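A.B. asks: Just to be clear, the model below is a prediction. Sequence and coordinates:
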Amino acid sequence: MAAHSPQKAQVYPRDIVVIGASAGGVSALLQPVKTLPADFPASILVVLHVAPNSPTMLPQLLDSVSMLKVKHPQDGELIEAGVMYIAPPDHDLLLNGNQVLVTRGPKENRFRPSIDALFRSVAYAYGPHVIGVVLTGYLNDGSAGLWWVQQLGGLVIVQDPRDAEQPTMPAHALTVVAADYIVPLAQLGPLLVYLTTPDESL
C-alpha cells in the first residue's frame, strides 16, 4: 500500500534502485528478483549484512532465479541497467557518478557493508533518479540513508514490518521517513517495474 500517493510522472527517470537488508534478507531478495524482467530499465545496488569472512554465494543464488545479471562489482566498474550489483562481504558499495566504488571504510551502524553508506552516496550522486528500499533485518541500518534519499528527491519503499522475517529494521525506518510505499514482498517486484517504466504520455 502507499503510505502517501506520489505521482508516477516525474522529470527524471527512476533508474537507480538501492536495496538494504539484514537478517532474513536472502529469502526476502529472492521473491522480488524473480519477477523483474530482463529489460528492467534500472541498475540495482544491494547491501546485505553478511559475516565479513564468509564467502557469499548470493550473486550466484540470485542469478539462478533472475532474468537480470547479478554480480559482485569490481571497483571502478560502470553501472548498467538490468544489472544487480551485490556488495562483497566486508566491503562498502558506493557510487561516484556512474562508477562503482568497492571500499573498506569505517563501519557504520556496526556494519560493513553499510546500507546507510550506499544509500547516502547514491542519493548524492543521483537525487531524484533513486528508489531506496529497506527490507527485513535487525537494528536501524538504512534509516538515515532513506532519509537522504527522500531529502534529495528520491522515492522511498519500506517492506511492511508485518511481512518481514525480522521487522526491526523496516519498523525503525518508518519512524525516520514518511515512506512513499509500504508493501509486502509479493508487491515489491511489480511496484519496482511500475515505478521505473517510462511514462510514454510524458
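C.D. replies: Ah, there it is.
A.B. asks: what stretches of this protein score poorly on pLDDT?
C.D. replies: Residue ranges of the chain with pLDDT under 70: 1-11, 55, 200-202.
A.B. asks: any chance you could map the helices in it?
C.D. replies: Ranges of helices in the chain, per DSSP state H, are 25-33, 58-65, 115-126, 143-151, 168-176, 185-196.
A.B. asks: Make JSON lines out of those and add distance to residue 87 and mean neighbour count.
C.D. replies: Using the backbone N, CA and C atoms, a C-beta is placed for each residue, glycine as well. Listed next are those as JSON lines, based on distance: least, CB to CB, whole Å; neighbours: other CB atoms under 10 Å:
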{"stretch": "helix 25-33", "distance to residue 87": "12", "mean neighbour count": "20"}
{"stretch": "helix 58-65", "distance to residue 87": "9", "mean neighbour count": "16"}
{"stretch": "helix 115-126", "distance to residue 87": "7", "mean neighbour count": "24"}
{"stretch": "helix 143-151", "distance to residue 87": "13", "mean neighbour count": "22"}
{"stretch": "helix 168-176", "distance to residue 87": "16", "mean neighbour count": "20"}
{"stretch": "helix 185-196", "distance to residue 87": "19", "mean neighbour count": "18"}
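A.B. asks: Using JSON lines, lay out those together with distance to residue 45.
C.D. replies: Converted to JSON lines, the helices of the chain look like this (distance: least, CB to CB, whole Å):
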{"stretch": "helix 25-33", "distance to residue 45": "12"}
{"stretch": "helix 58-65", "distance to residue 45": "13"}
{"stretch": "helix 115-126", "distance to residue 45": "6"}
{"stretch": "helix 143-151", "distance to residue 45": "12"}
{"stretch": "helix 168-176", "distance to residue 45": "17"}
{"stretch": "helix 185-196", "distance to residue 45": "13"}
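A.B. asks: nearest to residue 17, of these?
C.D. replies: Ranking the helices of the chain by proximity to residue 17 (CB to CB) places helix 185-196 first, at 6.2 Å.
A.B. asks: So what touches the closest one?
C.D. replies: Residues outside helix 185-196 that contact it (CB atoms under 8 Å, 6 or more residues apart in numbering) are 8, 13-15, 17, 28, 31-37, 40-42, 131, 133, 135, 155, 157, 159, 163, 181, 183.
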